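Peer 1: quick one: sequence and predicted model below, then my questions.
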Amino acid sequence: MLKKLRNKLLLVNLASLSAVTVLSFSLIYFIAYNYLQGIIVNDLRSIPPDVMTNAILSERDQQADAGGDFYIKGIPDLPMDYSRSFVVNINARGKIISVFSRIDLDQSEYLKAVRLAERSEKDMGRIKFAGSKWQYIVTGANRESLVFLNVDDYEQALSRLLFSMAILGGCVLATIFFLSYRFANRAIRPVEESIEKQRRFVADASHELKTPLAIIYSNAEAILADENASVRSQRKWVDRIEEESNRMRNLVDNLLYLAKTEDTAGEDAPFDLFAAAEDEVKRAEAILYERGVKLTMKKYAEAVVVKADEERIRQAILILLDNAVKYTDEGGEVTAEVGKEKHIGYIRISNTGEGIPPEDLPRIFDRFYRADRARTSIREGTISSGRSGRGGFGLGLAIARVVVERSKGRIRATSSNGLTSFTVELPLR
């Protein structure tokens with residue numbers, strides 16, 4: 001499915017960009033063609049159609065009527081305008097009376113040029129003879145002069161332009177294909193990651209639900225198997241069913257809360273980040289004391305007032321404190337530090353212990369992901385709070401990330417040299 005999606009994106013992107021490229025090159029060629037055509041017409045109009053006196057032309061007219069040959073290259077000082085052109089003058093009866101030319105052509109070629117021009121019945125057009133292409137124009141009050149201009153150079157210029165655009169267009173299309181392929185892969189990568197996360201989420205959720213369901217089913221079977229047992233003797237099976245039911249309820253509640261938090265944004269308002277952190281730290285003091293963990297609270301010299309959803313940020317702080325307690329060994333230390341840098345306020349909760357492996361850091365905020373599932377299941381529920389999203393399911397940090405990002409903040413984790421830190425950054429008021 002994703003491969004088809006990628007190919008479809010690639011095809012659409014390549015087709016649209018190719019169409020734009022072809023259209024752009026076509027427009028360039030059209031502009032160049034019209035520009036050269038304008039030059040040709042101007043050159044044609046600038047060529048003098050008559051360099052002979054009326055008396056000489058009249059004499060040539062009489063010679064033509066008498067069947068004499070028409071005049072070719074009879075003027076020694078013929079202007080250089082005729083180096084790529086020639087002019088043919090005809091009389092009223094359509095006979096050629098003179099040709100002004102610097103081009104070495106046979107008399108038959110001049111006759112052929114006139115006949116081709118007459119056959120087209122246009123005042124301006126393009127013909128081909130003598131192995132070249134010529135543009136002609138009919139001038140004179142009585143349409144007695146035909147001016148011919150060799151346009152081979154212009155045709156070659158257009159051919160070179162077309163060839164260059166074909167080469168350039170091929171390179172552009174190849175580049176577009178390469179970039180489109182990369183961008184298509186990059187575009188579907190988030191989709192692949194989302195689908196993979198969804199599959200992993202379903203698998204993990206199924207696994208988490210499978211265990212309590214199996215326990216509930218086994219205990220229910222134990223009750224039904226002993227029909228003559230007293231209520232007191234069956235109490236332990238009922239207690240286990242209740243315990244696993246509560247576990248499932250907490251899991252479902254956390255999933256529903258996570259979905260709700262992702263879909264809705266809270267109300268951001270200014271509040272004192274240190275005061276909020278201090279309140280949540282006090283809730284953890286008793287648990288820390290019982291486990292022999294040292295707790296240190298560091299305050300910034302000035303007030304750190306951030307703009308966010310206070311209730312949800314308190315929840316994120318409690319989740320991070322709970323996470324720190326889980327992974328701090330007896331005699332270790334947990335530090336909560338509040339401060340600000342530039343335009344952000346932050347709270348950093350650190351704990352000593354084994355730390356998080358580098359390969360686990362990128363996924364530590366994923367749903368159901370636990371770097372150490374054995375330790376998590378043993379130490380679950382260290383801070384009592386129904387809203388903390390804990391319970392060993394691997395949802396706490398996922399909820400913390402969603403909560404912080406909904407308040408336009410950022411959460412990140414670092415772990416090295418036996419010290420693990422989670423930092424929440426929020427915009428200052």
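Peer 2: Thanks, I have the structure now. Numbering: from 1, shown residues only.
Peer 1: how much space separates Gln156 from Leu273?
Peer 2: Noted for Gln156: a distance of 76 Å to Leu273, by C-beta to C-beta, to the nearest Å. The C-beta positions use only the backbone N, C-alpha and C, and glycine is treated the same way.
Peer 1: go on, Leu209?
Peer 2: From Leu209 to Leu273 the distance is 37 Å (C-beta to C-beta).
Peer 1: more crowded one of those two?
Peer 2: Leu273 (27 against 14; other C-beta atoms under 10 Å).
Peer 1: show me the contacts for that one.
Peer 2: Going by C-beta atoms under 8 Å, 6 or more residues apart in numbering, Leu273 touches Val304, Val305, Val306, Ile313, Val338, Gly345, Ile347, Leu426.
Peer 1: ramachandran coordinates for the spatially closest residue to it that is not a sequence neighbour?
Peer 2: What sits nearest to Leu273 in space, not counting adjacent residues and going by C-beta to C-beta, 6 or more residues apart in numbering, is Val304, at 4.6 Å. Phi and psi for Val304, reported as degrees, to the nearest 10, are phi -110, psi 100.
Peer 1: can you check Arg235 too?
Peer 2: phi -60, psi -40.
Peer 1: got the confidence number for it?
Peer 2: Note for Arg235: predicted pLDDT of 75.
Peer 1: burial count for it?
Peer 2: By other C-beta under 10 Å, 11 other residues sit near Arg235.
Peer 1: distance from stretch 155-171 to the middle of the chain?
Peer 2: Computed by C-alpha atoms, centre = their mean, to the nearest Å, the chain-centroid distance of stretch 155-171 equals 31 Å.
Peer 1: buried residues in it?
Peer 2: For stretch 155-171, burial by neighbour count (16 or more other C-beta atoms under 10 Å) applies to Leu158, Leu161, Met165.
Peer 1: hang on, the earlier thing: filter the contacts of Leu273 down to the buried ones.
Peer 2: The buried subset of the contacts of Leu273 - by 16+ other C-beta under 10 Å - is Val304, Val306, Ile313, Val338, Gly345, Ile347, Leu426.
Peer 1: list the contacts for the first one?
Peer 2: If you count contacts by C-beta under 8 Å, 6+ apart, Val304 has them with Asp272, Leu273, Phe274, Val338, Gly339, Lys340, Gly345, Leu428.
Peer 1: show me these that map onto strands.
Peer 2: Asp272, Val338, Gly339, Lys340, Gly345 (DSSP state E).
Peer 1: out of those residues, which is nearest to Asn219?
Peer 2: Val338 (47.0 Å; C-beta to C-beta).
Peer 1: in terms of pLDDT, where does that closest one sit?
Peer 2: pLDDT, read off for Val338, is 93.
Peer 1: I figured it hits Ala301, correct?
Peer 2: No. Using C-beta atoms under 8 Å, Val338 is not in contact with Ala301, being 10.8 Å away.
Peer 1: can you put the contacts of Leu273 in CSV and add distance to Leu27?
Peer 2: Output for the contacts of Leu273, formatted as CSV (distance: C-beta to C-beta, whole Å):
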residue, distance to Leu27
Val304, 59
Val305, 58
Val306, 55
Ile313, 57
Val338, 62
Gly345, 55
Ile347, 59
Leu426, 52
